[in-house]
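J.: below: sequence and its predicted model.
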Amino acid sequence: MKKGLIKRITAAAMAVMMITGASVMSASTVSAAVTKSGDTTVNIPFNGSGATLESNKTYKLPTLISGITGAKYDVSLSNNKIASYKNGQLVTNGTGSLTVTITLAGGIKLSKTFNIVKPEIRLNLSTDIIALKPGQKKAIQAITSQSKGKLTWSSSNSNVVAVDQNGNLIAKRNGVATITVKTTTGKTAKCTVQVGDGIPVEAVRINTTKQTIGVGQSFQLHAVTVPANPTNGSLKCSTSNANVATVSCGKVTGKSVGTAYITVKSANGKSAVCTVNVVNPVAVTKVNLNKTSATLHVGESFQLHATVAPTNATDKSLKCTSSNSGIASVSYGKVTAKAVGTATITVSSANGKKAVCTVKVVK
């Protein structure tokens with residue numbers, strides 16, 4: 001199982017995943033997004049099956065978990081022979097059925113089964129974005145079962161980049177164009193060609209466009225550039241009202257009740273905005289557990305679920321600890337019996353409210 005930790009704001013980050021503390025939510029209310037490199041985001045709700053991915057491609061998985069914010073997550077794959085996962089990217093290298101499982105803090109698991117198929121056509125490129133200078137030429141190859149004579153090549157802007165029917169490109173002037181190759185059955189493969197002395201930022205994306213926090217509370221805003229490898233990928237954060245909310249290195253802190261707009265902007269003026277509503281914080285008054293005691297045999301485990309009261313508490317993040325991890329360990333709410341004895345599992349809120357579960361481990 002691969003374990004992830006959110007990084008601070010950086011233009012080099014390829015994907016961002018935000019997951020909340022350990023508050024329990026219904027899995028049906030949570031969704032994730034899979035973004036194919038170079039393409040637009042395709043929202044795919046977790047828990048279910050039927051989605052199709054193509055082999056020999058890289059997917060950002062996930063770039064968003066809606067409705068939840070936080071820090072850590074686990075990702076596991078049902079078949080490591082046809083796909084691999086690392087640093088927020090799912091790389092497919094075979095065909096077949098693949099189930100991706102994301103484990104949130106508190107032990108909530110979201111899973112999605114994908115059918116990985118061999119693409120009818122793809123381009124023989126290591127990236128979906130090609131950088132050329134005016135006058136520069138490049139030949140690209142389409143890998144397909146169809147013969148070359150049955151493929152159609154086109155450019156979205158032949159004044160920027162022209163392409164002949166053999167996939168030969170010639171850059172004409174600064175700009176951006178999309179090169180498309182199509183089969184007789186209508187299947188296509190595309191790449192973006194950027195012509196100029198450098199690779200510009202086309203867009204800035206952030207992990208959330210709206211957030212509510214309490215006075216004195218903070219959250220981390222993460223951003224990525226599109227494409228991910230621009231010549232100048234520097235990003236700057238600013239706030240419309242520092243009296244309401246401040247921002248430093250992507251960390252947004254509520255100062256007083258009101259609304260502020262946090263803007264993340266690239267050096268060439270591309271930007272994204274997050275609306276931050278700052279309210280008087282609602283404190284957690286109680287932590288509830290689904291179990292307050294349990295007896296396990298060595299090697300057995302169970303899932304401890306926690307909720308907070310009131311349900312509209314501003315900060316619902318929770319932390320789990322064990323009084324003796326040699327007897328019973330806890331990770332994301334999953335308690336595992338290690339050795340004979342008794343251990344206490346404590347679940348604590350950010351403001352110090354606690355609930356405990358006594359675990360007795362027998363042979």
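T.: Received the coordinates, thanks.
J.: any low-confidence regions in the protein?
T.: The chain contains residues with pLDDT under 70 at 1-50, 60-73, 87-88, 104-108, 120, 125-128, 145-149.
J.: please, where are all the helices along it?
T.: Using DSSP state H, no helices are assigned anywhere in the chain.
J.: from what I can see Lys363 touches Leu296, true?
T.: No. In this structure, Lys363 is not within contact of Leu296 by Cβ atoms under 8 Å, at 10.6 Å. All C-beta atoms are positioned from the backbone trio N, CA, C, and that covers glycine.
J.: so these two - more neighbours on which side?
T.: Leu296 (18 against 6; other Cβ atoms under 10 Å).
J.: could you find the closest non-adjacent residue to the more buried one?
T.: Once flanking residues are discounted, Leu296 sits nearest to Ala337: 3.9 Å by Cβ to Cβ, 6 or more residues apart in numbering.
J.: mind listing what that neighbour touches?
T.: By Cβ atoms under 8 Å, 6 or more residues apart in numbering, the contact set of Ala337 is 296-301, 327-328, 359, 361.
J.: make a markdown table from these and add distance to Thr58 to it.
T.: Listed next are the contacts of Ala337 as a markdown table, based on distance: Cβ to Cβ, whole Å:
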| residue | distance to Thr58 |
| --- | --- |
| Leu296 | 41 |
| His297 | 43 |
| Val298 | 42 |
| Gly299 | 38 |
| Glu300 | 39 |
| Ser301 | 34 |
| Ile327 | 43 |
| Ala328 | 39 |
| Val359 | 42 |
| Val361 | 43 |
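J.: any of those buried? List them.
T.: Buried by 16 or more other Cβ atoms under 10 Å: 296, 327-328, 359, 361, out of the contacts of Ala337.
J.: got those as TSV, with distance to Gln165 columns?
T.: Formatted as TSV, these follow (distance: Cβ to Cβ, whole Å):
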residue	distance to Gln165
Leu296	67
Ile327	70
Ala328	67
Val359	69
Val361	71
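J.: give the burial count for the residue nearest to Asn290 when sequence neighbours are not counted, as a bare number.
T.: Once flanking residues are discounted, Asn290 sits nearest to His305: 4.4 Å by Cβ to Cβ, 6+ apart. Using other Cβ under 10 Å, His305 is surrounded by 17 other residues.
J.: I'd guessed His305 sits against Gly333; true?
T.: Yes. Assessed by Cβ under 8 Å, His305 is found in contact with Gly333 at 6.4 Å.
J.: show me what contacts Cys237?
T.: Cys237 neighbours (Cβ under 8 Å, 6+ apart): 9, 221, 247-250, 262-264.
J.: cutoff 10 Å now
T.: 9, 206, 221, 223, 246-252, 262-265, 274 (Cβ atoms under 10 Å, 6 or more residues apart in numbering).
J.: of those residues, buried ones?
T.: Applying 16+ other Cβ under 10 Å to those flags 9, 206, 221, 223, 246-247, 250, 252, 262-265, 274 as buried.
J.: columns distance to Phe114 on top of those residues, output as CSV?
T.: Putting the buried ones among the contacts of Cys237 into CSV (distance: Cβ to Cβ, whole Å) gives the following:
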residue, distance to Phe114
Ile9, 30
Ile206, 26
Leu221, 29
Ala223, 27
Thr246, 41
Val247, 36
Gly250, 31
Val252, 34
Ile262, 34
Thr263, 36
Val264, 31
Lys265, 35
Cys274, 30
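J.: Gly175: which of those residues is nearest?
T.: Lys265 (22.1 Å; Cβ to Cβ).
J.: now do the same contact list for the closest one.
T.: By Cβ under 10 Å, 6+ apart, the contact set of Lys265 is 201, 204, 223, 234-238, 271-273.
J.: can you do 7 Å?
T.: For Lys265, the contacting residues are 235-236, 271, by Cβ atoms under 7 Å, 6 or more residues apart in numbering.
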